[in-house]
Each structure stands twice: as C-alpha cells, then as structure tokens.
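S.K.: Fold the following for me, if possible:
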Amino acid sequence: MTKTLVSHVGIAVKDLDSAIKSYEILTGSRISEVENVESENVKVAMFSSVGGRIELLAATSEDSPIAKFINNRGEGLHHICIYVDDIESKLRELKKAGIKVIDETYRLGAEGKKIAFVHPQNLNGVLIELEER
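M.R.: Numbering: from 1, shown residues only. Below you'll find the predicted structure:
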C-alpha cells in the first residue's frame, strides 16, 4: 500500500476571510474552523479533499514568520508539507546528510501536529514542513 507523501500546501495570505471565500469557491468545500496558532502568530484555515489539503496562513502580528514572508515576497506559496513516520529520526537523518534544518526538534503546529521546517537552501528554494503522521 502506498503512503500519501504530501500532507498539504501552505499559502500565505494577507486577508484570511477573503482568501477563504475564494478557496471555498475554487474547491467546492468549506473549512471546519479557523485555528489560531499562537506559538507561530498565525491563523490557519485548512481545506481538505480526497486529493489533499490546502492550508491558508494569515499573520496575527507583524513579527509572525508569515508577515515577514508576505512583506518580502508577497502572498503565495509558502511551503509544502510532507508526512514522515518519525519526525525526530527524519531530522537526524537530514542533518547527517548535510541538509540544513530550521528546527532542531519538533514543535506543535496546527491541529496539534508535530512539525518541523527544513531550510529551502538545500531543497531547490522550497521551504519544506515535516509533519509526523
């Protein structure tokens, strides 16, 4: 049996309410709730479908990583999140291979999931989020 590789695609937005309306029309689905992830200073809205998930991220403060991202690059694709079975083991494996990680250990993200970020420097300019299954 094949495992799903991609958990979700994260999109940085300025106006979460407006983005939710647009993505509801696009996906034909509604979000169940907007979650405030205080540790990251973001509000998150997740769209789920059979084919995957889209995570909309809006900053709740100017020092949020999402606010900084939007100020530097504008709205758009922020990250791709990939499932891993053991996040601590995967972080050790990446570091051993010389791949730069942002997080030395996991932190709790949206939906209480264990997450960690891998620096885009060694991944062709793409920020990767790891999420433990």
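S.K.: Quick one: find the helix or strand in this protein with the lowest mean pLDDT.
M.R.: strand 42-49 (a mean of 90; mean pLDDT, DSSP states H and E).
S.K.: Need the contact partners of the following helix or strand past that one.
M.R.: Later in the chain than strand 42-49, the nearest helix or strand by DSSP states H and E is strand 52-59. Contact with strand 52-59 is made by 4, 6-16, 19-20, 23, 27, 41-47, 66-67, 70, 78, 81, 110, as judged by CB atoms under 8 Å, 6 or more residues apart in numbering. C-beta coordinates here come from the backbone N, C-alpha and C atoms, glycine included.
S.K.: Can I get the buried part of those as one PyMOL selection?
M.R.: A single PyMOL command is used to select the members of those judged buried by 16 or more other CB atoms under 10 Å:
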select buried, resi 7+8+9+10+11+12+13+16+19+20+23+41+42+43+44+45+46+47+66+67+70+78+81+110
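S.K.: where does the chain have low pLDDT?
M.R.: Scanning the chain for pLDDT under 70 picks out 1-2, 4, 50.
S.K.: What ranges does it have for its helices?
M.R.: Applying DSSP state H to the chain gives helices spanning 16-27, 65-73, 87-96.
S.K.: As CSV, the ones you listed with distance to residue 35 would be great.
M.R.: Shown next, in CSV, are those (distance: least, CB to CB, whole Å):
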stretch, distance to residue 35
helix 16-27, 11
helix 65-73, 14
helix 87-96, 20
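S.K.: Compare those helices and give me the one nearest residue 37.
M.R.: helix 65-73 (10.2 Å; CB to CB).
S.K.: who does that closest one touch, helix- and strand-wise?
M.R.: Judged by 3 or more CB pairs under 8 Å, 6 or more residues apart in numbering; DSSP states H and E, the packing partners of helix 65-73 are strand 6-12, strand 52-59.
S.K.: Of all these, which one is nearest residue 119?
M.R.: Between residue 119 and the helices and strands packed on helix 65-73, the shortest separation by CB to CB is 15.5 Å, and it involves strand 6-12.
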